[in-house]
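Undergrad: build me a model:
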Amino acid sequence: MTAPNPTESPTQSEDKSAEAKPSEAKPSEAKSFETLTAAAPFSATETVELESNYLLPVAIVAIAAPIGLFLNLWVGLVVGAFGLFLAVQASRIRLIFTSTALDVYTGEKPIRSFPYAEWENWEIFWSPVPILFYFKEVNSIHFIPILYNPTALRQCLAVHQLPTQHPED
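TA: The predicted structure follows:
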């Protein structure tokens, strides 16, 4: 698979494929998504993949060291293992915003699609240091650790005009 080019804008054929559900995607098809690394302008019809952000896993591992050294070795090991788990997940799981849904992939394999039409609200917890992304669908709620660029995540949510709990955000 070729690396996505962030300066390229999606073609019309990519826009059509973005409307397909992940379960319809063929594993042999090479897909090119625009990777959003910073606050670059884009439209709601473009397919955008969020860049992984390792800040949260690194911070958790960094906190684990003093816990293990000064408080309790086993607790420090558990906290450190959790941080390493999040780092692995950040490298494996991809969030892709299409024109109709937030699609979650592991590598090239689609895991789940969350159609925007079913979203009731969303929130990114703790604005100074974003650590958790919450969104509520009609029948379920979801919590995702911030393993992606939080600025790009907010921008994608705003471009798709998804309802937020705090309209002033």
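
Undergrad: most distant residue from the centre of this protein?
TA: Most distant from the centre of the chain: Phe70, at 34.2 Å, with distances by CA atoms, centre = their mean.

Undergrad: shouldn't that residue be within a helix?
TA: Yes. Assessed by DSSP: H, G, I helix; E, B strand; the rest coil, Phe70 belongs to a helix.

Undergrad: distance check, it against Pro57.
TA: In this view, Phe70 and Pro57 are 21 Å apart by CB to CB, to the nearest Å. Bear in mind the C-beta positions are built from the backbone N, C-alpha and C, glycine included.

Undergrad: and the longest helix for the protein?
TA: helix 73-92 (DSSP state H).

Undergrad: just checking, what packs against that one?
TA: With contacts taken as 3 or more CB pairs under 8 Å, 6 or more residues apart in numbering; DSSP states H and E, helix 73-92 sits against helix 55-66.

Undergrad: any idea of the mean pLDDT for the helix it packs on?
TA: Taken as a whole, helix 55-66 has an average pLDDT of 96.

Undergrad: strands of this structure, start to end?
TA: Secondary structure of the chain (DSSP state E): strands at 34-36, 48-50, 93-97, 101-106, 109-115, 119-125, 132-137, 141-145.

Undergrad: quick one, the fourth one and strand 93-97 angle?
TA: If I follow you right, that is strand 101-106. Relative orientation of strand 101-106 and strand 93-97, computed by axes from the mean of the first three to the mean of the last three CA atoms, to 10 degrees: 160 degrees.

Undergrad: next one: strand 101-106 to chain centre, how far?
TA: 8 Å (CA atoms, centre = their mean, to the nearest Å).
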